[in-house]
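Visitor: kindly return the folded structure for what I paste below:
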Amino acid sequence: MRSITSRQNPVVARFRALAESADPTGARLLLDGVHLVRDAQESGHAFEIAAISASRLASDSEEALIARSLRRAGVDVIEAPDSVFAAMSPVRTPSGLVAIASRHPTSASEMCGLPDAFVLVAIDVQDPGNIGALIRTAEAGGMTGMFASGASANPFSWKAVRGSMGSALRLPVVGGMTNALAMTCLRNGGIRSIAAVPRGGQDPDAIDWRGKVALILGGEGAGVPDEVIRQSDLLVSIPMAARVESLNVAAAGAILVYAGRRQRGR
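Guide: Numbers count the residues shown, from 1 in each chain. Below you'll find the predicted structure:
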């Protein structure tokens, strides 16, 4: 296992660059912490590089066990002093293990072409934590994929990947789409679009969620854009007490995804 000792080392720059500007295609993911690195390893993802802090490597830690396992598998694993490792980790309190993993990108047409398509479309969801939570909910709810369109946060940023708790490694996700492209893909794929609105839509349990369906969620504050609402096949609203105007997008997504799951039997 080779070592580096300087923050000016090119290896540090590779991690910093990906932390500051995530790959828009999701082909390269920055993973921070044991949970994500282990998930990627167990899911069969290839690793470009990994790094462990010297203090974790010297102890009988889970980070050290995973780092050695990656090294035995032929992955380039770097040991760095804690002060140098802190520059490689994107979080304020470094976890002790980071890696750059490869992920096979999915195309929008592939996702819309699935015969059992059950797609989540996040429009203008700007908080990467919310994007990550929606990816996690989509996988847990048996959805076949997710679009992040409009002004949505990059679903492949380290914050979104971390918020997904590993689901971004497994669920097909397409980011960086325009809203028009997302709606065209759904329409061409014969997918019914169901847009979530605060009031005036059908009850979630009154909607037929079977067949090829897309659930469309809008961003924090503004919700689903008017032009997307006009193009949607159905509108759905979560029943709420009169004094509550709306729910957090991740919470609303979970309620609606599971309304669909109950009918679809996934």
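Visitor: quick one, what contacts Arg38?
Guide: Counting by C-beta atoms under 8 Å, 6 or more residues apart in numbering, Arg38 makes contact with Ile66. Placement of C-beta: from N, CA and C, glycine included.
Visitor: correction: the previous question concerned Arg170.
Guide: 43, 139.
Visitor: where's it relative to Ala17, distance?
Guide: Distance, Arg170 to Ala17, by C-beta to C-beta, to the nearest Å: 25 Å.
Visitor: test my guess that Gln160 contacts Pro128.
Guide: To be clear, residue 160 is Ala; Gln isn't right here. Yes. Using C-beta atoms under 8 Å, Ala160 is in contact with Pro128, at 4.1 Å.
Visitor: name the residues contacting each of these two.
Guide: Here Ala160 and Pro128 have 153-154 as joint contacts, going by C-beta under 8 Å, 6+ apart.
Visitor: can I get the helix or strand hosting Ala101 in PDB? Just the C-alpha atoms.
Guide: Take DSSP states H and E as the rule and Ala101 turns out to sit in strand 97-102. These are the backbone C-alpha positions of strand 97-102, laid out as PDB (Å, rounded to 0.1, in the frame of the first residue of the first chain):
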ATOM      1  CA  LEU A  97     -11.900   6.100   4.100                       C
ATOM      2  CA  VAL A  98     -12.700   7.500   0.700                       C
ATOM      3  CA  ALA A  99     -12.800   6.100  -2.800                       C
ATOM      4  CA  ILE A 100     -13.600   6.900  -6.300                       C
ATOM      5  CA  ALA A 101     -15.800   4.200  -7.900                       C
ATOM      6  CA  SER A 102     -17.000   3.600 -11.400                       C
END
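Visitor: what are the buried residues along the next helix or strand after it?
Guide: Next helix or strand after strand 97-102 toward the C-terminus (DSSP H and E): helix 108-112. Across helix 108-112, burial judged by 16 or more other C-beta atoms under 10 Å covers 108, 111-112.
Visitor: quick one: which of those residues is nearest to Ser55?
Guide: Comparing the buried residues of helix 108-112 against Ser55 with C-beta to C-beta places Met111 closest, at 42.7 Å.
Visitor: ok, the residue lying closest to the closest one once chain neighbours are set aside to Gly219 distance?
Guide: In space, Met111 comes closest to Gly145 once its chain neighbours are excluded; the distance is 4.2 Å by C-beta to C-beta, 6 or more residues apart in numbering. Using C-beta to C-beta, one gets 19 Å for the distance from Gly145 to Gly219.
Visitor: what residues does the helix or strand where Arg56 lies touch?
Guide: Secondary structure from DSSP H and E places Arg56 in helix 54-58. Here helix 54-58 makes contact (C-beta under 8 Å, 6+ apart) with 1, 3, 63-64, 67, 79-82, 85, 96-97.
Visitor: those in strands, which ones?
Guide: Applying DSSP state E to the contacts of helix 54-58, the entries found in strands are 3, 79-80, 97.
Visitor: who has more neighbours, Gly145 and Gly219?
Guide: For the pair Gly145 and Gly219, the greater number of neighbours falls to Gly145 (23 against 20), based on other C-beta atoms under 10 Å.
Visitor: please name the residues that touch that one.
Guide: In this structure, Gly145 makes contact with 106, 111, 114, 117, 119-120, 138, 171-174, judged by C-beta under 8 Å, 6+ apart.
Visitor: change it to 6 Å
Guide: 111, 119, 172 (C-beta atoms under 6 Å, 6 or more residues apart in numbering).
Visitor: re the thing from before, which among the ones in strands among the contacts of helix 54-58 end up buried?
Guide: For the ones in strands among the contacts of helix 54-58, buried by 16+ other C-beta under 10 Å: 79-80, 97.
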